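> Give me a 3D structure for the following:
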Amino acid sequence: MAEVLKSPPEGRVTLRNVGWETYERLVEEDPDRSAPRFFYDRGELEIVSPSFEHEQIADIIASLITELAVELDVDVASARSTTFKREDLLRGFEPDASFYFPEKIPQVRGKRRISLDAGDPPPDLVVEVDITSPSASKLPIYARLGVAEVWRHDGERLVILGLRRQDAEEERYAEIPESALLAPIRVPAESLTRFVEEGLASERPAWTRRVREWARELPRIS
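Numbering: from 1, shown residues only. Below you'll find the predicted structure:
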């Protein structure tokens, strides 16, 4: 029987002892929904109903990634909040936003549905906004499924987390100063935080122009 653990203000509840079949049934009941979002880790199910602030920050970060990619001439494919799950690992997640970069794009472009169980790759980058509760509990899910970077925002600051091998069997995230996915351009996390703050307070056309101008002036990694 599922055990309810907590329900913070944003609309977050965690259940334990949830079978994979139950998780899949919840996901498949409405595959086109934007909320709530489900995160599953070997019997533990977290259900998140994002707040307006949460969604605004996520949208700004997703727009920031898209604008940077366009100005830097980097091909990206947005997977938004697609359900990513693998039955053999008993893990699944629905991010605030997600992106594929050039190496993986040919494997997913033109598809109507992504299935990790069928061999489709996980996204390269996941956006995670956690205002009321730290997302550390989700990081092992992303790591086990092979997400290279997590852009994580706690309502005040954006950090870039890169997947790093700790030993022969385990990979974990470590904070990195710049995105490796956008190399050889230096895209520092500190500047990203500033642009998220500006995006929340500015008119979108003016903000977009500033982002594009900044992107054109970014230094390259020598």
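> ok so E175 is a strand residue?
Yes - counting by DSSP: H, G, I helix; E, B strand; the rest coil, E175 is found in a strand.
> OK, contacts around it?
Residues in contact with E175 (Cβ atoms under 8 Å, 6 or more residues apart in numbering) are V159, I160, L161, G162, A189. Where you see a C-beta, it was placed from the backbone N, CA and C, and this is true even at glycine.
> these two touch, right, the third one and A148?
No - in this structure L161 lies outside contact range of A148 using Cβ atoms under 8 Å: 9.8 Å.
> hmm, back to that, show me which of the contacts of E175 is closest to V27.
Minimum separation from V27 among the contacts of E175 (Cβ to Cβ) is found for L161, which lies at 25.1 Å.
> How much space separates the closest one from I60?
18 Å (Cβ to Cβ, to the nearest Å).
> re earlier: of the contacts of E175, which belong to helices?
Counting by DSSP state H, the members of those that fall within helices are A189.
> burial measure for R194, as a count.
Other residues within reach of R194 by the criterion other Cβ atoms under 10 Å amount to 12.
> That one - that's part of a strand, no?
No - according to three-state DSSP, R194 belongs to no strand; its state is helix.
> picking up where we left off before, possible to save the contacts of E175 as JSON lines with distance to E198 and neighbour count?
Formatted as JSON lines, these follow (distance: Cβ to Cβ, whole Å; neighbours: other Cβ atoms under 10 Å):
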{"residue": "V159", "distance to E198": "18", "neighbour count": "17"}
{"residue": "I160", "distance to E198": "18", "neighbour count": "23"}
{"residue": "L161", "distance to E198": "23", "neighbour count": "23"}
{"residue": "G162", "distance to E198": "25", "neighbour count": "16"}
{"residue": "A189", "distance to E198": "15", "neighbour count": "18"}
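> Which ones among the contacts of E175 map onto strands?
Among those, the ones falling in strands (DSSP state E) are V159, I160, L161, G162.
> Now do the last one against E156, distance only.
The spacing between G162 and E156, counted by Cβ to Cβ, is 21 Å.
> Name all residues that make contact with the most centrally placed residue in the chain.
Nearest residue to the geometric centre of the chain (Cα atoms, centre = their mean): V126, 2.2 Å. V126 is in contact with F93, P95, D96, A97, S98, Y142, V147, E149, V150, W151, counting by Cβ under 8 Å, 6+ apart.
> what secondary structure does the second one sit in?
So that's P95. Using three-state DSSP, the three-state assignment for P95 comes out as coil.
> Name the nearest residue to it, sequence neighbours excluded.
Taking Cβ to Cβ, 6 or more residues apart in numbering, and ignoring the residues beside it in sequence, P95 has V126 as its nearest neighbour in space, at 4.4 Å.
> Can you classify the one you found as helix, strand or coil?
Taking three-state DSSP as the rule, one finds V126 in the strand state.
> Return the per-residue confidence for it.
As summarised for this prediction, V126 has a pLDDT of 98.
> what's across from it in the sheet?
According to DSSP bridges, S98, V150 are recorded as the beta-bridge partners of V126.
> Tell me how far the residue nearest to L139 when sequence neighbours are not counted lies from G162.
Across the structure, with Cβ to Cβ, 6+ apart as the measure, the residue nearest L139 apart from its sequence neighbours is Y173 (5.3 Å). Distance, Y173 to G162, using Cβ to Cβ: 7 Å.
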